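Chemist: Build the 3D model from these lines:
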Amino acid sequence: MSVSTIIVLIVLAVVIFWVVGIFNKLVTLKNRYKNAFSQIEVQLKRRYDLIPNLVETAKGYIQHERETLEAVINARNQAMSGLEKASANPGNPAAMLDLNQAEGMLSGALGKLNVVVEAYPDLKANQNMMQLSEELTSTENKVAFSRQAFNDAVTEYNTYKQTFPPVIFAGTFGHSENASLLEFADSEAMQEAPKVSF
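Modeler: As a prediction, the model looks like this:
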């Protein structure tokens, strides 16, 4: 073997290892943001599970406010549907938008429920209602932290694949679309948690 052949083989090996490194990092970063979304999913499912209990507790006190209670349940069901779509493809722009809109509707419905509950001192003092409210607030805080971790992971993935040289190979390796951040319509309300202090 000649020296030039050895040099060509060494350069070729370095390029192959370099490209494999880019591929592996893209896969790692994508898996990281998908895992971060699964943490959001866990917290949102917990939140959705608390809402029917909240409505059932309130039902006995505010029977004539049936429309408000139904709006909360309908918004919860739409949010669950949005979460299922987003879970199937975390980072997909359309799925993130659907989840964002559904969460906005749910936050609005919970806000209306809070306004109604404020008019019922017995309901506000109900031990079960206070416990559910505390659990819901705790869950909202966990959702906010999980969403921040997801958005950080998505930003890291998008930034890496848009830099040089990964931008040259990202599309070839199946990483052509940017992942979307999860930004709830009323992000301040999500960070502070809905005001459901019963």
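Chemist: what ranges do the helices span in the chain?
Modeler: Remark: helices assigned in the chain by DSSP state H are 3-59, 66-88, 93-118, 121-125, 127-162, 166-170, 187-192.
Chemist: Now render those helices as TSV, adding mean neighbour count, mean pLDDT and distance to Ser176.
Modeler: C-beta coordinates here come from the backbone N, C-alpha and C atoms, glycine included. As requested, the helices of the chain are exported to TSV (neighbours: other Cβ atoms under 10 Å; pLDDT from 0 to 100; distance: least, Cβ to Cβ, whole Å):
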stretch	mean neighbour count	mean pLDDT	distance to Ser176
helix 3-59	15	95	11
helix 66-88	17	94	19
helix 93-118	19	92	13
helix 121-125	13	81	52
helix 127-162	18	94	9
helix 166-170	16	94	7
helix 187-192	15	44	28
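Chemist: what's the closest of the ones you listed to Asn178?
Modeler: With Cβ to Cβ, the closest approach to Asn178 among the helices of the chain belongs to helix 127-162: 4.8 Å.
Chemist: Which neighbouring elements make contact with the closest one?
Modeler: helix 3-59, helix 166-170, helix 187-192 (3 or more Cβ pairs under 8 Å, 6 or more residues apart in numbering; DSSP states H and E).
Chemist: Next, the contact list for the spatially closest residue to Pro165 that is not a sequence neighbour, please.
Modeler: Excluding the flanking residues, the one nearest Pro165 by Cβ to Cβ, 6 or more residues apart in numbering is Ile22, at 6.8 Å. Listed by Cβ atoms under 8 Å, 6 or more residues apart in numbering, the contact partners of Ile22 are 165-166, 169, 173.
Chemist: Relative to Pro166, how far out is Ile22?
Modeler: According to Cβ to Cβ, to the nearest Å, Ile22 stands 5 Å off from Pro166.
Chemist: Next: Glu135.
Modeler: Taken as Cβ to Cβ, the span from Glu135 to Pro166 is 43 Å.
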